[in-house]
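Q: Need coordinates for the below:
(one chain, ligands or ions: 1)
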Amino acid sequence: MNGFTLKLRAVLAALVICLGAATLDVSTAVAQSAQPAAPAAAHEEVLFRYLQTQGSGNLVGRVSIPDHKAATLIQPGGREFQETWRGPMKWIAAVAIIGMIVLVGIFYAVKGPIRTTSGYAGRLIKRFRGIDVFAHWLTAVSFVVLAITGLNITFGRYLLLPLIGAEAFTSWSEAAKVAHNFMGFPFTLGVLLMFVLFLKDNIFDKTDLRWFAQGGGMIGHAHPPARKFNGGQKIVYWATVFGGGALAVTGFILMFPFQIVTSIDGMQLALQLHGIIAFLMIALIIGHIYLGSIGMEGAFRAMWSGKVDLNWAKEHHPLWVEEIMNPTRKDSSLPAGAKGAGAD
Ligand code: HEM
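A: This next block holds a predicted model:
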């Protein structure tokens, strides 16, 4: 028997204690006599090197409980996955989220809030029904909680832990993890509701091509005509449907490990997709929140009371105003002015 096998035996003995009911079957790797243990990190190194030379590379024992996955004590591939994945993930998050914050900041500094240049008419028209407003805020509030708690899961230990200390970070992270799991349900319901309620007005058409060709009016002061939603808003809608839908599906896969997807590769893919889509969605929604609040005068009221000022609507969504004022003239390209229906 050599020193190498003796060290292995010591590590494996410690693992047996951790597993409780599991019984190990690693006879090829372990010799029979007991020896004093070397420092844990050194053991781990040796063990991993040994495992790399063995079949799947995993250290698998035997369990008498129904969940046979519990027999996998060490899966070096998982650690490798975490290490290779963490780097790119940080970059995707940093570029997307910080990039969007910087962009919004520059836009605000250079252009300021988008104003209703003709001034308010003082006459309100109905833009959203109560159910639309409810679906939007259900999605919005749950998304913001999910975003903050999700970012904590990924980056909290690097950014927050040094600031607030271990005790506070532990309590906060425990609550954040529970909130992250539970908020997945209202978010999914919100996305489904928004998909159904807003679908009719979010089909792309030739008006959107014109809107995109003019950069959405972001550069200069022109207001390219739009129906109820402009091209940029339709992108937000479809990102909410597909991105939000993908976040929900991958989130449930992660919440119920090995129940919906049964392979380790599948679980790892779900984790990667969940992370990447979440970071891209967070970046997009930062831009959306900006334009829906301080970035555009009069926009927030639409999603708060469901009503908007007539002049705001004419400047930003003239074709929609035309449609609700003259329901029979769907294909008009210029607003005809306000006449009765839809206004109050
Ligand atoms: C939390 C802060 C948020 C604010 C202040 C906000 C604000 C707004 C406003 C004012 C509108 C109506 C725009 C209009 O009348 O044309 C709107 C629409 C919408 N919001 Fe939000 N929103 C927020 C969060 C979210 C989130 C988290 C999502 C999705 C994950 C979302 C998805 C949408 C969609 C799909 C629409 C309809 C299409 C559009 O206007 O882009 N919103 N939002």
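
Q: Quick check: I276 vs A140, distance?
A: Counting by CB to CB, to the nearest Å, the separation of I276 from A140 is 22 Å. Quick note: C-beta positions are derived from backbone N, CA and C, even for glycine.

Q: Just give me how far the top helix by length along the chain sits from the chain centre.
A: In terms of residue count, the longest helix belonging to the chain (DSSP state H) is helix 161-198. Here helix 161-198 is found 11 Å from its chain centre; the criterion is CA atoms, centre = their mean, to the nearest Å.

Q: Would you mark the buried spots in whichever helix or strand comes after that helix?
A: Remark: after helix 161-198, the chain's next helix or strand is helix 206-213, criterion DSSP states H and E. Within helix 206-213, the residues that count as buried by 16 or more other CB atoms under 10 Å are T207, D208, W211.

Q: Equivalent analysis for stretch 110-126, please.
A: I114, T116, A121, L124, I125.

Q: mind listing what the residue nearest the centre of the chain touches?
A: Geometric centre of the chain, nearest residue: A278, 2.3 Å, by CA atoms, centre = their mean. Residues in contact with A278 (CB atoms under 8 Å, 6 or more residues apart in numbering) are L146, A147, G150, L247.

Q: For the ligand, state which of those is nearest.
A: When those are ranked by distance to the ligand (CB to the nearest ligand atom), A147 comes first, at 7.9 Å.

Q: The stretch 201-344 of the chain: strands as residue ranges?
A: 307-309 (DSSP state E, counting those that start in this stretch).

Q: What parts of it come near the ligand?
A: For the stretch 201-344 of the chain, the residues in contact with the ligand (CB under 6 Å from any ligand atom) are 229, 233, 236-237, 240, 244, 285, 288-289, 292-293, 299-300, 302-303.

Q: can you tell me which of those residues lies nearest to M194?
A: Nearest to M194 among those is T240, at 5.9 Å by CB to CB.

Q: Quick check, pLDDT for the closest one.
A: pLDDT recorded at T240 is 98.

Q: now do L103
A: pLDDT, L103: 96.

Q: What is the burial count for the residue of the chain found nearest the ligand?
A: In the chain, no residue comes nearer to the ligand than G292, which is 2.6 Å away by CB to the nearest ligand atom. Neighbourhood size, G292 [other CB atoms under 10 Å]: 18.

Q: List the contacts of the closest residue in space to it that isn't next to it in sequence.
A: Nearest residue to G292, sequence neighbours excluded (CB to CB, 6 or more residues apart in numbering): A299, at 5.3 Å. A299 makes contacts with L291, G292, S293, W312, as judged by CB under 8 Å, 6+ apart.

Q: For the last one, list the residues it contacts.
A: Which is W312. T116, Y120, E297, G298, A299 are the contacts of W312 under CB under 8 Å, 6+ apart.

Q: Against K200, how distant is T149?
A: 33 Å.

Q: Have a look at the two and say which one is more surrounded.
A: T149 (21 against 8).

Q: element containing the more buried one, please.
A: Going by DSSP H and E, T149 is part of helix 130-159.

Q: avg pLDDT for that helix?
A: 96.

Q: quick one, it and helix 161-198 angle?
A: Relative orientation of helix 130-159 and helix 161-198, computed by axes from the mean of the first three to the mean of the last three CA atoms, to 10 degrees: 160 degrees.

Q: for helix 130-159, packing partners?
A: Where contact means 3 or more CB pairs under 8 Å, 6 or more residues apart in numbering; DSSP states H and E, helix 130-159 is packed against helix 76-93, helix 161-198, helix 244-255, helix 264-292, helix 299-305.
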